[in-house]
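Participant: model the structure of this input:
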Amino acid sequence: MIDRETFVELMSGVCAPVTVVTAMTADGRPRGSTVSSFASLSLDPPLVSFALDRASRLLPYLPPTGRVGVNILGAHQQELASGFARPGRGPDGKFDGVAWRIRAGLPYLPESAGWTAGRVERHVDGGDHVLLVVRVEEAESTSAAPLIYARRVFGTHSGLAVAS
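Facilitator: Below you'll find the predicted structure:
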């Protein structure tokens, strides 16, 4: 068994995409949170997954069969990532001053590197987190450089020099 600190340090070295996962409340208010556990799960059917802390304020708005949007942030959106990661702004305050609009019935952040929307198929127990499996219904990618997170700092991807 490893201790928590060793595990956290190990996982900090794993590069992760930075996304803002969004949902709408029943009365039409946007909700969102920064998530760095977004991953492709299946091609057939098209499934993605991400994990939320059980204490996440977003989780109650994403029940099985609920609709969800995933804004895959670009390297130029570090400020958005930080803003949506802060719980102190309150659930309504995260969208204050942020350019967003409705897309597929969900909060969408323009100029993101990618976007997908779908329906939560199921929740899977993951200890102190819940893994959400999402069936993709809409997707768009751009050529924008992605925002990634590793060793507790934001960065982006760059290709290795090819030896000739």
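
Participant: could you look up the SS state of the closest residue to Leu47 other than its chain neighbours?
Facilitator: Spatial nearest neighbour of Leu47, chain neighbours left out: Leu41 (4.1 Å); criterion: Cβ to Cβ, 6 or more residues apart in numbering. The way it works is simple: take the backbone N, C-alpha and C, and place the C-beta from them, glycine included. Of the three states, Leu41 takes strand according to DSSP: H, G, I helix; E, B strand; the rest coil.

Participant: got a list of contacts for the helix or strand that contains Phe50?
Facilitator: Taking DSSP states H and E as the criterion, Phe50 maps to strand 47-53. With contact meaning Cβ atoms under 8 Å, 6 or more residues apart in numbering, strand 47-53 is reached by 19, 21, 33, 35, 37-41, 58-59, 62, 70, 116, 118, 121, 126, 128-136.

Participant: note down every partner strand of that strand and its orientation.
Facilitator: strand 39-42 (antiparallel), strand 129-141 (antiparallel) (DSSP bridges).

Participant: report the distance from the last one to the chain centre.
Facilitator: Between the mean C-alpha point of strand 129-141 and the mean C-alpha point of its chain there is a distance of 9 Å (Cα atoms, centre = their mean, to the nearest Å).

Participant: report the buried residues of it.
Facilitator: For strand 129-141, the neighbour count (16 or more other Cβ atoms under 10 Å) marks His129, Val130, Leu131, Leu132, Val133, Val134, Val136 as buried.

Participant: skipping adjacent residues, who's closest to the third one in space?
Facilitator: Among residues not flanking Leu131 along the chain, Val124 sits closest, at 4.1 Å (Cβ to Cβ, 6+ apart).

Participant: worst-scoring helix or strand of this protein, pLDDT-wise?
Facilitator: helix 90-93 (a mean of 68; mean pLDDT, DSSP states H and E).

Participant: and the next helix or strand past it?
Facilitator: Counting by DSSP H and E, what follows helix 90-93 is strand 101-103.

Participant: going along the chain, name the strands of this structure.
Facilitator: 16-17, 19-24, 30-35, 39-42, 47-53, 67-72, 101-103, 106-108, 114-126, 129-141, 147-150, 153-156 (DSSP state E).

Participant: in JSON lines: the ones you listed, plus distance to Glu5 and mean pLDDT.
Facilitator: Listed next are the strands of the chain as JSON lines, based on distance: least, Cβ to Cβ, whole Å; pLDDT from 0 to 100:
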{"stretch": "strand 16-17", "distance to Glu5": "19", "mean pLDDT": "98"}
{"stretch": "strand 19-24", "distance to Glu5": "26", "mean pLDDT": "98"}
{"stretch": "strand 30-35", "distance to Glu5": "23", "mean pLDDT": "97"}
{"stretch": "strand 39-42", "distance to Glu5": "24", "mean pLDDT": "98"}
{"stretch": "strand 47-53", "distance to Glu5": "18", "mean pLDDT": "98"}
{"stretch": "strand 67-72", "distance to Glu5": "30", "mean pLDDT": "98"}
{"stretch": "strand 101-103", "distance to Glu5": "40", "mean pLDDT": "97"}
{"stretch": "strand 106-108", "distance to Glu5": "35", "mean pLDDT": "98"}
{"stretch": "strand 114-126", "distance to Glu5": "20", "mean pLDDT": "98"}
{"stretch": "strand 129-141", "distance to Glu5": "18", "mean pLDDT": "98"}
{"stretch": "strand 147-150", "distance to Glu5": "18", "mean pLDDT": "97"}
{"stretch": "strand 153-156", "distance to Glu5": "19", "mean pLDDT": "96"}
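
Participant: nothing else from me, thank you.
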